[in-house]
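Structure for this input, please:
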Amino acid sequence: MVVMKKLSVLISAVLALAFHQCLADGSPIKFGKVNDNELKMSVYDLDSSAHAAILCDYGETWFEYDRSGDKGFQVYFKRTVRIKVFDEEGVNAGDSKIILYQSNGSDREKLIETEGITFNLENEKIVKTKLENKSIMEKEEDKYHIASTFAMPNVRQGSVIDITYTIKSDFLFNIQPWSFQYLIPVKWSEYYVKIPEYFIYKHTLLGYNSLAINENSTQMGNITFVSSERSGGMVTKTTYNNENISYKESCYRLVMKDIPAFKEETFLTTSSNYRSIYSFELSSTKSINNVYKDYTNTWEKINELLLDDENFGKRIKSAGFIRDEIEELISGIQDTTEKVIIVYEFLKNRMRWNLTNSLTSDDLKKPYSEGNGTSADINLLLIKALREAGIDAQPVALSTRKNGMINPAHPSLTDFNYVIALVKINGKNMLLDATEPDAPAGLLPERCLNDKGRIISEKNADWISLNPEGSDKRTSLYTLALSPDGNITGIVSHKREFYNALNYRKDIHSASSSDDFYKELEKETEGLIYNTINLTDLDSIYNPVGEEIGFSFSNGVEMNGDIILLNPLLFENTSENPFKLKERNYPVELPYPINELLIFTYELPPGFTTEDLPKPAMVTLPSNAGKFVYNVTLNGNTLMITSTVQIKKTLFIPAEYETLKEFFNLLISKQSEQIVIRKT
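As a prediction, this is how the structure comes out:
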């Protein structure tokens, strides 16, 4: 992508030499120099439950001018971290994964120095084990990212680990962000950044922890240009000329201390939304001659950049190679909705997603020809195909759930990592993503359900909600017979809709066969045997999926003489509360609403009846955000249990956490109540 590649060199000369002289007051950690107190430490004093802790984490970023090539300024990042392991569960704290970015050209980030030492105390002596270079593995995660991974050697309970590495980057757009908070507690974390006056970056601090130290100062840097001239004639002479340029360098010292471990829990888009992270994004540049260039200071500017980018806006305009095929495909079709679905299904069935998320595409013709590509390849093709069909389709840039939330108050191009299509039919918006084979038009994959996206358009640039159009909806009807010995047989009919249907189709299609899929389900539930399985509309993705399953179950009761203790929801009850934290200082983020209806009808064995039935229950969340309704009735020899769970909203703020947790506690308690069935 043009705007995200290395910026053009601001200073040019025949040969340049740069010196960075703005230095930190001193690193708080000396690599390889541990002390007895660190080795003998057996528990972290601020969190006795910690399996490991970061004792000190120090990072430094600075700029250097390329001495031997034409790269211009390059960015260097060095990190030195010391970790203490308290027990066996903390051993994996010595595993590292460093993500490096690369463009399609020669520009990339390089890991130029990596060292590691594991320290153990044996017989009161310090034993060192060094990380070997052969243990550092490199793997291409996608065409833009390479992962360098390693596991520190000889890590065990009581170990102290020192790791240091340096990254050299050709990309000036983003300085390396600094994470102050991890899944283990951090005693001291410090980041020192030195930026030449030619680059102006926007600073952003995420999370709930405050900086203990936030200092900035200005010092001078110097660039020396060296040029040479050769005289002609019989005797040649080389004359060297030096030109010195001094510039200001802004130095930032950022410190946090005693940072608690980030406690991850379910229904969280990504921890990076809420962990304490400090980031920089290039806002503007200024040359030596005071020529100012603005980058991403407004959303309008970002809109212009993307529309003008050869791998985004211009890429859509250049994909005329599909025109004839699309025209033939929709020949004679007048209805707009029908056209959209035909084009969407055509592209979706022709293309296979290579699991790479991307905002931009280097080429559309080759992926189309080969039948696979990135998310941007596929969805930019979709936009172009829809336009060729006479439909006004616009790209929507977004950030996937794992990539983090977009902050509308802080315009940032690099926060986007994905693009989908938008069409308007009869005044109603429809969002399309052709990467998901089992998704009907208008149902976005879960990864895209992340608050809002940005419409990239010459006339209608704006925010658009990415809230789901459907819910996780399932209706299950059980018709069962209970035998005197406690065995249960019968039929269940499932009707799966929207995201429940999508997830079910994905699961069953990922198995080698539907038979194997159900065999695995049997293994997960002791005592369950499937006898017959009939599926309807499995591949008709615009209809609900239907299942009718005949089964027997021998593990749904407890026998005590002539008394049967029935677990009425069998394997359908919610057995564990997904919310376990005492308090949660970040929101609960469900991807979509939940709508579940379970109806169990039991035919009791002759000569048996129930004792006192569980009382009906109805639990509601404030503002009609959700409800749980439970009811048990007996009519003659027929026992009926109805359980309804509805959660209508997807975002619960921290202040609502305790109420939500209690909602699930009451639900679990009621669903787990046994029904006493006694022989008369």
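
count of neighbours near residue 467?
15 (other C-beta atoms under 10 Å). Every C-beta, even on glycine, is put in place using the N, C-alpha and C of the backbone.

swap in residue 370?
Neighbour tally, residue 370, other C-beta under 10 Å: 12.

Now do it against residue 383, distance only.
Residue 370 is 19 Å from residue 383, where distance means C-beta to C-beta, to the nearest Å.

any idea what sits nearest residue 390, other than its immediate chain neighbours?
residue 339 (7.5 Å; C-beta to C-beta, 6 or more residues apart in numbering).

In a helix, that neighbour, correct?
Yes - per DSSP: H, G, I helix; E, B strand; the rest coil, residue 339 lies within a helix segment.

which ones are touching it?
330, 333, 389, 390, 391 (C-beta atoms under 8 Å, 6 or more residues apart in numbering).

biggest strand in this protein by residues?
strand 238-259 (DSSP state E).

Which residue ranges of the chain form helices?
Taking DSSP state H, the helices of the chain run over residues 36-40, 299-308, 313-317, 323-329, 336-350, 365-370, 375-388, 498-510, 514-524, 657-671.

can you pull the buried residues of the fifth one?
Across helix 336-350, burial judged by 16 or more other C-beta atoms under 10 Å covers 336, 339, 340, 341, 342, 343, 344, 345, 346, 347, 348, 350.

and the closest residue to residue 354 other than its chain neighbours, how many residues sit next to it?
In space, and not counting its chain neighbours, residue 354 is closest to residue 372: 5.4 Å by C-beta to C-beta, 6+ apart. Using other C-beta under 10 Å, residue 372 is surrounded by 13 other residues.

Please name the bridge partners of residue 418.
Here residue 418 sits in beta bridges with residue 398, as judged by DSSP bridges.

Run a quick neighbour tally on it.
Counted with other C-beta under 10 Å, residue 418 comes out at 24.

where does it sit relative to residue 451, distance-wise?
With distances taken as C-beta to C-beta, residue 418 is found 13 Å from residue 451.

same thing with residue 518?
In terms of C-beta to C-beta, residue 518 sits 37 Å off from residue 451.

now do residue 429
For residue 429, the distance to residue 451 equals 15 Å [C-beta to C-beta].

show me what contacts the residue nearest to residue 483 when sequence neighbours are not counted?
The shortest distance from residue 483 to any non-neighbouring residue, by C-beta to C-beta, 6+ apart, is to residue 605 (5.8 Å). The neighbourhood of residue 605, defined by C-beta under 8 Å, 6+ apart, consists of 482, 483, 484.

what do you get for residue 317?
Contacts for residue 317 (C-beta under 8 Å, 6+ apart) come out as residue 384.

can I assume residue 318 is in contact with residue 364?
Yes - using C-beta atoms under 8 Å, residue 318 is in contact with residue 364, at 7.5 Å.

Looking at the two, which is more packed in?
Taking other C-beta under 10 Å, residue 318 and residue 364 do not tie; residue 364 has more neighbours (22 against 13).

Pull up the per-residue confidence for the more buried one.
pLDDT for residue 364: 94.

and what of residue 45?
Residue 45 is given a pLDDT of 95.

Look at it and say how many residues are nearby.
By other C-beta under 10 Å, neighbour count at residue 45 equals 11.

Next one: it from residue 162, what distance?
21 Å.

now do residue 468
The gap separating residue 468 from residue 162 is 46 Å, by C-beta to C-beta.

out of the two, which sits in the busier spot?
residue 162 (25 against 20).

residue ranges for the strands of the stretch 501-650 of the chain, please.
Secondary structure of the stretch 501-650 of the chain (DSSP state E, counting those that start in this stretch): strands at 528-536, 545-553, 557-560, 563-566, 588-589, 594-603, 608-610, 617-620, 626-635, 638-647.

Please identify the buried residues of the second one?
Pointing back at strand 545-553 there. 545, 546, 547, 549, 551, 552, 553.

Which two of these have the greatest separation?
545 and 552 (23.1 Å; C-beta to C-beta).

Figure out which of the strands of the stretch 501-650 of the chain is closest to residue 153.
Minimum separation from residue 153 across the strands of the stretch 501-650 of the chain (C-beta to C-beta) falls at strand 588-589, 38.4 Å.

Residue 72 against residue 64, yeah?
No - using C-beta under 8 Å, residue 72 is not in contact with residue 64; the gap is 10.1 Å.

out of those two, which sits in the busier spot?
It is residue 72, of residue 72 and residue 64, that has more neighbours when counted by other C-beta under 10 Å, with 19 against 15.

how near is the more buried one to residue 110?
From residue 72 to residue 110 the distance is 16 Å (C-beta to C-beta).

and if you look at residue 547?
53 Å.

pretty sure the residue nearest to residue 354 contacts residue 353?
Yes - under the criterion of C-beta under 8 Å, residue 372 makes contact with residue 353 at 7.3 Å.

so what sits against both of the two?
With C-beta under 8 Å, 6+ apart, residue 372 and residue 353 have no common neighbours.

show me where the stretch 351-500 of the chain has strands.
Under the criterion DSSP E, counting those that start in this stretch, the stretch 351-500 of the chain contains strands at 352-353, 372-373, 394-398, 418-425, 428-432, 452-455, 462-465, 472-482, 488-497.

Specify the stretch among the ones you listed that is closest to residue 601.
The nearest among those, by C-beta to C-beta, is strand 472-482 at 5.3 Å.

Any chance you could list what contacts the closest one?
By C-beta under 8 Å, 6+ apart, strand 472-482 touches 488-500, 503, 557, 564, 566, 570, 572, 592-605, 608, 677.

Please check the residues you listed and keep the buried ones.
488-492, 494-500, 557, 564, 566, 570, 572, 592-598, 600-605, 608, 677.

Show me the shaky parts of this protein.
Per-residue confidence for the chain (pLDDT under 70) gives these ranges: 1-25, 67-69, 104-105, 225-241, 243, 296, 319.

residue contacts, the residue nearest in space to the middle of the chain?
Nearest residue to the geometric centre of the chain (C-alpha atoms, centre = their mean): residue 402, 1.0 Å. If you count contacts by C-beta under 8 Å, 6+ apart, residue 402 has them with 269, 270, 447.

between those residues, which is closest to residue 146?
Using C-beta to C-beta, those come closest to residue 146 at residue 270, 21.0 Å.

care to break the chain down by domain?
The record assigns the chain these domain ranges, following automatic domain parsing: 2-297, 300-465, 472-679.

Pick the most buried one from those.
Sort those by mean neighbour count, taking mean count of other C-beta atoms under 10 Å, and domain 300-465 sits at the top with a mean of 19.

That one: how far from the chain's middle?
Computed by C-alpha atoms, centre = their mean, to the nearest Å, the separation of domain 300-465 from the middle of its chain amounts to 20 Å.

Span of that domain from start to end?
Using C-alpha to C-alpha, to the nearest Å, the end-to-end distance of domain 300-465 comes to 18 Å.
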